[in-house]
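[1] Next input, structure requested:
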Amino acid sequence: MEREASALPDVAALQLLSGLFRIVGAILLCTSVHWTPAQKAIGTVLTFALPAAAILIWEETSVAPAGDLPALVANLITLAVLVATTTWLRRTRRA
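    Numbers count the residues shown, from 1 in each chain. Here you go, the predicted model:
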C-alpha cells in the first residue's frame, strides 16, 4: 500500500505547532502598531489564511497529486510565500 504524502508529515505535534504558530503570528500582526490596516490585512491573508486554505484543500480533497515530490513542491511554495511576505512586512513597517 502506497503512503499518501501530505502537506505536513502525519505527526500530530508538528501539525498542531504549525497551526499554533500561524495563529499567534496573525494575532501579533493584527495587534501591532507598526503596520497600516491594509498591510495587516494583506499580511494576514498571505501568512495565515492562504496557507491554511491550501493545507485544508491538500488534506481534505483529492485535488492534490499523490507522492512526495508534489508535497515537497507545495511546501517550498508555501515557504517562499511566507518568507516573501515576512520580508515585505519587515521592510514596510513604521518605526
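[2] C-alpha only now, for contacts and for neighbours.
    Will do.
[3] list the contacts for residue 46?
    81-82, 85 (C-alpha atoms under 8 Å, 6 or more residues apart in numbering).
[4] What's the separation between the residue nearest the centre of the chain and residue 79?
    Centroid-nearest residue in the chain: residue 51, 3.4 Å away (criterion: C-alpha atoms, centre = their mean). Separation of residue 51 from residue 79 (C-alpha to C-alpha, to the nearest Å): 9 Å.
[5] ranges for the strands of this protein?
    In the chain, no strands are found when defined by DSSP state E.
[6] Can you list the buried residues in the worst-scoring helix or strand of it on mean pLDDT?
    Ranked by mean pLDDT, DSSP states H and E, the weakest helix or strand in the chain is helix 50-60, scoring a mean of 81. Buried residues in helix 50-60, counted by 16 or more other C-alpha atoms under 10 Å: 51-52, 55, 58.
[7] coming back round to it: correct me, but the residue nearest to the centre of the chain touches residue 78?
    Yes: taking contacts as C-alpha atoms under 8 Å, residue 51 lies within contact range of residue 78: 6.6 Å.
[8] Many thanks, have a good one.
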